[in-house]
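Trainee: next input, structure requested:
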Amino acid sequence: MMNVTLPFEDRRHAGRVLAEKLAHYRGRPNLLVLALPRGGVAVGFEVARALGAPLDIFVVRKLGLPGHEEYAMGAIASGGVRVMTPLSGLTVSPEAVAEVVAREQAELVRREQLYRGQRPAISLGGRTVIVVDDGLATGASMRAAVLAIRQQHPAHLVVAVPVGAQDTCQALRDEADEVVCAASPEPFRAVGLWYEKFPQTSDDEVRTLLEEARREHALSAQSRPAKGERNKEERAP
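Mentor: Predicted coordinates for the structure are as follows:
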């Protein structure tokens, strides 16, 4: 397994590095890459491109601790899934939790409508699904995504990130069929420390990458011979 040099240049570079760790999935039937918006989409774009797989989004929202929003007290995902993280020595009132959940649910719906438009989500049943983000700190968002994706019965579920906290990557191995953390530096502290450029991803960038991924995958599919034609080519002298 190759060594990973940190920091990554940016999310696109991190995605190319991660794709090398996932090369054994290239060519697998019914393969799908799911990216967690917004930061995971640039990473997922490069993974999907390298593996020749379609790219879709899976929207998850972190539930920030009131007054300390950068600290995740849980996460919600499409399909009504909610995951709460134990808060050591901290208590949050049910009313405060409900207010955060309502706000993040509204943002989740907004993002799904904005990024997907009229296109339905790709069915996950029976597929090999690789769910990608730009990194794992507490893992609350990824755990919510995994639980929600499991409800749709994929055949095989892989969690893949360029960089993640060692204990978080390890804990997720109980939830997914495979976990690929390209790098797990210690001490970890924060995802953004392991990138030279880590700007906030815009909605426009997400939409542009999704559109480009759809266009590239459609062109790639058109250029591949159909199964029957492949068989004819293989039998030809």
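
Trainee: SS state for the nearest residue to residue 152 once chain neighbours are set aside?
Mentor: Spatial nearest neighbour of residue 152, chain neighbours left out: residue 124 (4.0 Å); criterion: C-beta to C-beta, 6 or more residues apart in numbering. Using the backbone N, CA and C atoms, a C-beta is placed for each residue, glycine as well. Of the three states, residue 124 takes coil under DSSP: H, G, I helix; E, B strand; the rest coil.

Trainee: just to check, residue 124 is in contact with residue 155?
Mentor: No - counting by C-beta atoms under 8 Å, residue 124 stays clear of residue 155, with 9.3 Å between them.

Trainee: residue 208: helix or strand, and which one exactly?
Mentor: According to DSSP states H and E, residue 208 maps onto helix 203-223.

Trainee: so residue 124 and residue 155 - more neighbours on which side?
Mentor: Ranked by neighbour count (other C-beta atoms under 10 Å), residue 124 and residue 155 place residue 124 first, with 23 against 14.

Trainee: relative to residue 34, how far out is the more buried one?
Mentor: 8 Å (C-beta to C-beta, to the nearest Å).

Trainee: kindly report the same for residue 182.
Mentor: 17 Å.

Trainee: the more surrounded of these two?
Mentor: Higher neighbour count among residue 182 and residue 34: residue 34, with 28 against 23, using other C-beta under 10 Å.

Trainee: is the more buried one in a helix, a strand, or coil?
Mentor: Per three-state DSSP, residue 34 ends up strand.

Trainee: again with the one 3 residues further on
Mentor: Under the three-state scheme (three-state DSSP), residue 37 adopts coil.

Trainee: that one against residue 62, yeah?
Mentor: No - in this structure, residue 37 is not within contact of residue 62 by C-beta under 8 Å, at 12.0 Å.

Trainee: please go through the protein and pick out the longest helix.
Mentor: helix 94-116 (DSSP state H).

Trainee: what residues does the helix or strand that that helix is followed by touch?
Mentor: Note on helix 94-116: by DSSP H and E, the next helix or strand toward the C-terminus is strand 128-132. Here strand 128-132 makes contact (C-beta atoms under 8 Å, 6 or more residues apart in numbering) with 15, 18, 22, 25, 28-36, 40, 43-44, 47, 51, 53, 58, 142, 145-146, 149, 154-161, 176.
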